[in-house]
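K.L.:
Can you look at this prediction? I've put the sequence above it.
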Protein chains: 2
Amino acid sequence: MTEKRAKKGAVRPYHHGDLRMAVLREALAIVETEGLEACTLRDVARRIGVSHAAPYRHFPDKRALVTALAIDAMHALGAAIETAIDAAGHDLRKQFLAASVAYVRFAREHRGRYLVLYRDERDVIDLASPELIAAKERSFGTLLRFIARAQKAELFPEGDPMSLATPIWAMHHGLASLIASRAFPEADDTTLDRIVEEAHAKLLDGLSAKRKK
Amino acid sequence: MTEKRAKKGAVRPYHHGDLRMAVLREALAIVETEGLEACTLRDVARRIGVSHAAPYRHFPDKRALVTALAIDAMHALGAAIETAIDAAGHDLRKQFLAASVAYVRFAREHRGRYLVLYRDERDVIDLASPELIAAKERSFGTLLRFIARAQKAELFPEGDPMSLATPIWAMHHGLASLIASRAFPEADDTTLDRIVEEAHAKLLDGLSAKRKK
DNA sequence: CCGCGCATGTTGACATCGACTACTTCATAA
DNA sequence: TTATGAAGTAGTCGATGTCAACATGCGCGG
């Protein structure tokens, strides 16, 4: 009867069973609600109900935990975008817009995780982590594949995909970052979606372009 | 004989003279060389040669110091952009490109300060600081004034300036952020300038546009 | 010219954090 | 059955942000 959690007795067993996952889950919750600064190894351990040193059996140091959070966030962001694209039908323009909205919406709805993604001080996150690099490349691959399709369909011009990927990535990260920075404090979700759509149109057609439609 | 620094004796006087400026200067140096995480009140005090509590006479807490750094950084960034515009002659397109390059170059050459600018966790920086808000609005005003001129000259279409300002701001912050994140690790300064110019062209003419020139 | 008030610095303390070490518990495999 | 090592605990260390109590000396009113 050494269950992870005896229903009645609630006697915590000496071993947690899956402390690694518990730490990740709890840390994620803190990051989402109070931000990365408030996410403390000791507090995570406290909330789970283990000793303050227990997490060290699963993460060599705090950077490793933050890195794991970033990897998870990157996967989640990539998945959100792919889901949005898949749900947008066959029209490339609609797919592109859906991806735009999904990207920024992720940053809005998962502010804490998004901010972790772009924390690149070496003291805080292990930028050299192979898993993190792989996660980033995986998401970047989604963008590159879209660009290839758009070039084939003549939505985008031929040429080095990177010279398209860079402004696309920059614009969306910029938008997400501005919104996460509360640069539009008064805006509700609908307004923010409209802002994204406007910016998306400018990106596609250029600042100089006249209104369409 | 209570000079700030007697040349021979080197007996530090009890009062520093301008500790506030010294703290700001030293903190800035640390932020630029080792990043914000490494910037510790105690270390700043140590380097200046005052006690660890002395800075508290000039900054109520660490947030206030970080906020002051952000205000300074915002002014410096705004000044760099205005200087670049002024030096670019009368051609609006050239002015716009010069501002683009100057923005991103600032982020590259003052990585630490730039990252402080966009640190918007409440535990770290006082986003409500009137001076910070004023500094931001001042720089944003530069952008809005440029947009007004560009609209008058029919470089940009008429309409709500914000729907132009948002993508411009987002694109540049995104570019700067990507570069500061070392997303282009191998690139030298010339390459980075070219990346910015390409992205700038895409922003102006649209992703869909064919090559010009 | 003097003395005193108050801004400025100092010392010492406290709570908290990340990290390490030595010890304990217990699941598993020989 | 047992012993081996992974997982968890307790205690400690140095560093940090912050505060309170105390020291210093600049500059102003007399």
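P.N.:
Perfect, I can see it now. Residues are numbered from 1 along each chain as shown, chains lettered A, B, ... in the order given.
K.L.:
which SS state does A:A187 fall under?
P.N.:
Classification of A:A187 using DSSP: H, G, I helix; E, B strand; the rest coil returns coil.
K.L.:
before we move on, what about A:E158?
P.N.:
coil.
K.L.:
contacting residues for it?
P.N.:
A:Q151 (CB atoms under 8 Å, 6 or more residues apart in numbering or on different chains). The way it works is simple: take the backbone N, C-alpha and C, and place the C-beta from them, glycine included.
K.L.:
now check the longest helix along chain A, is it near DNA strand C?
P.N.:
Taking DSSP state H as the criterion, chain A has its longest helix at helix A:62-86. Yes: under the criterion of CB under 7 Å from any atom of the strand, DNA strand C is reached by helix A:62-86 at A:62-63.
K.L.:
got the angle between the helix or strand that that helix is followed by and helix A:62-86?
P.N.:
Downstream of helix A:62-86, the first helix or strand assigned by DSSP states H and E is helix A:92-109. Angle of helix A:92-109 versus helix A:62-86, following axes from the mean of the first three to the mean of the last three CA atoms, to 10 degrees, is 150 degrees.
K.L.:
Please name every helix or strand in contact with the helix or strand following helix A:92-109.
P.N.:
Following helix A:92-109 in sequence order, the next helix or strand is helix A:111-117 (DSSP H and E). Using 3 or more CB pairs under 8 Å, 6 or more residues apart in numbering or on different chains; DSSP states H and E, the elements in contact with helix A:111-117 are helix A:19-34, helix A:62-86, helix A:162-180.
K.L.:
Which positions within the first one qualify as buried?
P.N.:
What that stands for is helix A:19-34. Residues A:19, A:22-24, A:26-28, A:30-32, A:34 are the ones in helix A:19-34 that count as buried (16 or more other CB atoms under 10 Å in any protein chain shown).
K.L.:
Residues of chain A that sit close to DNA strand D?
P.N.:
So chain A meets DNA strand D at A:14-17, A:19, A:45, A:50-54, A:56-58 (CB under 7 Å from any atom of the strand).
K.L.:
Just flag the most distant two among those.
P.N.:
Greatest spatial distance among those (CB to CB): A:G17 and A:H52, at 18.9 Å.
K.L.:
what about the longest helix of chain A and chain B, touching?
P.N.:
No: Helix A:62-86 does not reach chain B (CB under 8 Å from any CB of the partner chain); its nearest approach is 10.7 Å.
K.L.:
And stretch A:174-190, by the same measure?
P.N.:
Yes: using CB under 8 Å from any CB, stretch A:174-190 reaches chain B at A:174-175, A:177-178, A:180-182.
K.L.:
Compile the helices and strands packed on helix A:111-117 into a markdown table and extend it with columns for mean pLDDT.
P.N.:
Converted to a markdown table, those look like this (pLDDT from 0 to 100):
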| stretch | mean pLDDT |
| --- | --- |
| helix A:19-34 | 97 |
| helix A:62-86 | 98 |
| helix A:162-180 | 96 |
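K.L.:
highest average neighbour count across the ones you listed?
P.N.:
Among those, the stretch with the highest mean neighbour count (mean count of other CB atoms under 10 Å in any protein chain shown) is helix A:162-180, at a mean of 23.
K.L.:
can you state the direction angle for that helix and helix B:92-109?
P.N.:
70 degrees.
K.L.:
Return the distance of the helix or strand following helix A:162-180 from the chain's centre.
P.N.:
Sequence-wise, the next helix or strand downstream of helix A:162-180 (DSSP H and E) is helix A:189-205. Using CA atoms, centre = their mean, to the nearest Å, the mean C-alpha position of helix A:189-205 is found 20 Å from that of the whole chain.
K.L.:
and what of stretch A:92-111?
P.N.:
The answer for stretch A:92-111 is 11 Å, by CA atoms, centre = their mean.
K.L.:
quick revisit: which one of the residues of chain A next to DNA strand D is nearest to A:Q151?
P.N.:
Distances from A:Q151 to the residues of chain A next to DNA strand D, taken by CB to CB, are shortest for A:H58, at 44.3 Å.
K.L.:
Look up the closest residue to the closest one, ignoring the ones flanking it.
P.N.:
A:R20 (4.1 Å; CB to CB, 6 or more residues apart in numbering or on different chains).
K.L.:
Walk me through the domains of chain A.
P.N.:
A:13-59, A:70-205 (automatic domain parsing).
K.L.:
and among those, the most buried is which?
P.N.:
domain A:70-205 (a mean of 18).
K.L.:
what helices or strands is the longest helix of chain A leaning on?
P.N.:
Right, helix A:62-86 is packed against helix A:19-34, helix A:92-109, helix A:111-117, helix A:130-152 by 3+ CB pairs under 8 Å, 6+ apart.
K.L.:
quick one: contacts of the shortest one?
P.N.:
Counting contacts by CB under 8 Å, 6+ apart, the residues outside helix A:111-117 that touch it are A:28, A:31-36, A:66, A:69-70, A:72-74, A:76-77, A:106-107, A:125, A:176, A:180, B:121.
K.L.:
touching DNA strand C at all, that helix?
P.N.:
No: using CB under 7 Å from any atom of the strand, helix A:111-117 stays clear of DNA strand C, coming no nearer than 14.0 Å.
K.L.:
Output that helix as PDB, nothing but the C-alphas.
P.N.:
These are the backbone C-alpha positions of helix A:111-117, laid out as PDB (Å, rounded to 0.1, in the frame of the first residue of the first chain):
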ATOM      1  CA  ARG A 111       2.300  35.200 -21.300                       C
ATOM      2  CA  GLY A 112       4.700  33.700 -18.800                       C
ATOM      3  CA  ARG A 113       5.700  30.800 -21.000                       C
ATOM      4  CA  TYR A 114       6.200  33.100 -24.000                       C
ATOM      5  CA  LEU A 115       8.400  35.400 -22.000                       C
ATOM      6  CA  VAL A 116      10.500  32.400 -20.900                       C
ATOM      7  CA  LEU A 117      11.000  31.500 -24.600                       C
END
